[in-house]
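Participant: Quick one: sequence plus predicted model below, questions after.
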Amino acid sequence: MARAVLAARVSLVLVVVSGCASLDGLSEGEKGSPSRAPKSSSTALLGCDPKGAFTTAVPLASGGTAFGARWDAKKTTVVFNTGRGQNVELRIGSNFDDATGAAFGPLAPPDGGALTPLLVFPSISNDGLFLYYQAYSPAPDAMGGGDSVVYRARRTTTSEPFHDYEPVVHSSSNDFGPYLVASANALYWTHADPSSATMRVMRFPVGAAEDPKSVFEASSSVIANAVVSSDEKSLYYADERGGTMDIYVATRASLSDEFTNGKPFDSLNSAAHAEIPSWISDDQCELVYEKRDFDSDTHSLWSARR
């Protein structure tokens, strides 16, 4: 299989293990309905051309240690990771400076092991009551390893810690980077298939008793950090080709199609850093992404606008 792409430093390790079967009966409180169509870009209140190029990019003030930042649809709450190596924490707040991490409480999968699991790439529902995240259990060492599972936790009010965590997908330990679309009716993540050394992007309809469905795959490269537009017709992801990790975008005409024609987003990519998408706004006018130098383990979050 491919080498560990982000290793423990960004905590997206590509592990070769088993298949998956979905968890059913998710709550209506997640504000997503499997029967409700995603928002169409033609009806959204757009301030830009959602198919246009990103023309500006500026760094975000995040202290230099934040990654995996995702906001709710109204951009009133941000969840993200901060730290390096195995000293990584989940944080939540109205902005990076406001985030304390206290609301996550003793959030960890029940593995029974001695090591504290590494919890990364959180994604929050628009009502603030449901949290999706990736958990390694046990936490990987600096060279990778560990089992990676997509979890979901809940709370009844936004003033209490999250609890009742459980796997979104059972019998799988190679799922990475969950991303809840702005409409909140679908969850996406990357799955490593051990039988074919293939990376796949999976879609799971929130609130439906269905198995996840593959919507994009790459057999000759490494894909990671799926970020999907509110109309679910544009897929931004990190792809490692020729030793460089850059932002790519794939598209589709309808939800019944798979994403195709993945192409690099050259206006955001550079040879000096790895570029990794993190979040796309509801109106598709802003893309937040990470610039990372793997050799020095330094990184920064940037905001690109159309």
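Facilitator: Thanks, I have the structure now. Residues are numbered from 1 along each chain as shown.
Participant: For Trp189, give the beta-bridge partners.
Facilitator: Using DSSP bridges, the beta-bridge partners of Trp189 come out as Met202.
Participant: That one reaches Lys213, doesn't it?
Facilitator: No: contact between Trp189 and Lys213 fails when scored by CB atoms under 8 Å: they sit 11.9 Å apart. For every residue, glycine as well, the C-beta is placed using N, CA and C.
Participant: Show me which of these two is the more surrounded one.
Facilitator: Trp189 (25 against 13; other CB atoms under 10 Å).
Participant: what's the distance between the more buried one and Phe96?
Facilitator: According to CB to CB, to the nearest Å, Trp189 stands 24 Å off from Phe96.
Participant: and what of Ala184?
Facilitator: 23 Å.
Participant: Compare those two (neighbour count), which wins?
Facilitator: Neighbour count, other CB under 10 Å: between Ala184 and Phe96, Ala184 has more, with 24 against 18.
Participant: That one in helix, strand or coil?
Facilitator: Assigned with DSSP: H, G, I helix; E, B strand; the rest coil, Ala184 falls in the coil class.
Participant: pLDDT weak spots in the stretch 1-150 of the chain?
Facilitator: 1-46, 62-63, 85-86, 99-117, 137-146 (pLDDT under 70).
Participant: re the thing from before, can you pull the residues that touch both of Trp189 and Lys213?
Facilitator: 202, 204 (CB atoms under 8 Å, 6 or more residues apart in numbering).
Participant: Show me which positions of stretch 244-252 end up buried.
Facilitator: 245-250, 252 (16 or more other CB atoms under 10 Å).
Participant: tally of neighbours for Leu60?
Facilitator: For Leu60, using other CB under 10 Å, the count is 17.
Participant: and it, what is it in contact with?
Facilitator: 66, 69, 96, 288, 300-303.
Participant: how close does Ser196 sit to Tyr237?
Facilitator: From Ser196 across to Tyr237, the span is 19 Å (CB to CB).
Participant: In terms of neighbours, single out the busier of these two.
Facilitator: Tyr237 (27 against 10).
Participant: per-residue confidence at the more buried one?
Facilitator: Predicted confidence (pLDDT) for Tyr237: 94.
Participant: What strands flank the helix or strand containing it, and is each parallel or antiparallel?
Facilitator: According to DSSP states H and E, Tyr237 maps onto strand 234-241. Each strand that pairs with strand 234-241, with its direction, by DSSP bridges: strand 222-228 (antiparallel), strand 244-251 (antiparallel).
Participant: Next secondary structure after the last one?
Facilitator: Next helix or strand after strand 244-251 toward the C-terminus (DSSP H and E): strand 260-264.
Participant: So which bits of that next one are buried?
Facilitator: Buried residues in strand 260-264 (16+ other CB under 10 Å): Gly262.
Participant: Take it, keep the C-alpha atoms, and write them as CSV.
Facilitator: Extracted in CSV, the C-alpha atoms of strand 260-264 (Å, rounded to 0.1, in the frame of the first residue of the first chain):
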residue,chain,number,x,y,z
THR,A,260,-14.8,12.0,-12.5
ASN,A,261,-12.2,14.2,-14.3
GLY,A,262,-10.1,14.9,-11.2
LYS,A,263,-7.8,17.8,-12.1
PRO,A,264,-5.2,19.8,-10.0
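Participant: Just the angle for that strand relative to strand 222-228, thanks.
Facilitator: Going by axes from the mean of the first three to the mean of the last three CA atoms, to 10 degrees, strand 260-264 is angled at 100 degrees with respect to strand 222-228.
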